[in-house]
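**Q** coords please:
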Amino acid sequence: MITILLPAYNEEKSLPQLLERIAAYGQANPAEPYQVIVVNDGSRDRTPEIATAYAARMPVHLINHDGNKGLGAAMRTGLAAAAKVVGPNDALVTMDADNTHDPALIATLRAELNKGYDLVIASRYQKGGQEIGLSPARHIFSKGASTLLHFFFPIQGVRDYTCGYRIYGGSLLQRAVATYGGRLVEEQGFTCMAEILIKMARLGARVSEVPLVLRYDLKEGASKMNVSRTIRRYVVLIAHNWRQ
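**A** Residues are numbered from 1 along each chain as shown. Okay, the predicted model is just below:
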């Protein structure tokens, strides 16, 4: 079983396109069933209604936050929910809900996981990876963040520390939840993805990457990232976790 976790905030324009692409992935890979968990993080648009409508024709499960609590809180809720349904031989995929990640890549991620890895990252920085539609400033920021994190937290096989498109083996997810509990995700913003990676690496997770073509040109609406706040949180994340 593949469980796909989508943290979503105000994604009424992108979510239908993404769910259609996930359904197409499921049809193309019938040997392994899938399910989708949408964590609606207090959206003020029709995001929850869209998820509910799709649940009538594909395996979508909706979890609602009563307000916008941030990506970290949505990931914390989603990982806790996934840990209850993902078995040791199953897998969890996390994706952005803005349609910038291609669900067709799940098959490649799964194949890499089956080689004996515990966690596989869809990486913009592997050969064949690319960012389409991302501004030069955002490219420099994202690449710089991964470079900085690699300096303080070198993890074999990892070049992209911040991308949210990943697959986790079920046994690793269970071990992480059992070890960290509610402390698995303590960051509230976009820095939570680096935090999760660092903590899972400390459990001895074997990590690999496959190339990702990030289609930022398909994103509807402006980015929700506050760059200056995210920079401050990376500094705090490093201070809290370095040499632990």
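**Q** for this protein, longest helix please?
**A** Under DSSP state H, the helix in the chain containing the largest number of residues is helix 136-152.
**Q** who are the neighbours of that helix, in terms of helices and strands?
**A** Applying 3 or more CB pairs under 8 Å, 6 or more residues apart in numbering; DSSP states H and E, we find helix 136-152 packed against helix 192-201, helix 227-241. Glycine gets a C-beta too; all of them are placed from N, C-alpha and C.
**Q** Out of the ones you listed, which one sits most buried?
**A** The highest mean neighbour count among those, using mean count of other CB atoms under 10 Å, belongs to helix 192-201: a mean of 22.
**Q** Show residues contacting whatever helix or strand comes next after that helix.
**A** The helix or strand immediately downstream of helix 192-201 is strand 207-211, counting by DSSP states H and E. The contact list for strand 207-211 (CB atoms under 8 Å, 6 or more residues apart in numbering) reads 105, 108-109, 112, 115, 117-130, 155-160, 197, 200-201.
**Q** Okay, buried residues for whichever helix or strand comes after strand 207-211 please.
**A** Toward the C-terminal end, the helix or strand that comes next after strand 207-211 (DSSP H and E) is strand 213-215. Applying a neighbour-count criterion of 16 or more other CB atoms under 10 Å, one finds 214-215 buried in strand 213-215.
**Q** same for strand 213-215, what does it pack against?
**A** Against strand 213-215 (3+ CB pairs under 8 Å, 6+ apart) you get strand 130-132.
**Q** strands paired with the strand it packs on, and their directions?
**A** strand 213-215 (parallel) (DSSP bridges).
**Q** Tell me how far the strand it pairs with lies from the chain's centre.
**A** The chain centroid and the centroid of strand 213-215 are separated by 14 Å under CA atoms, centre = their mean, to the nearest Å.
**Q** The helices and strands packed on helix 136-152: lowest mean pLDDT?
**A** With a mean of 81, helix 227-241 has the lowest mean pLDDT of the helices and strands packed on helix 136-152.
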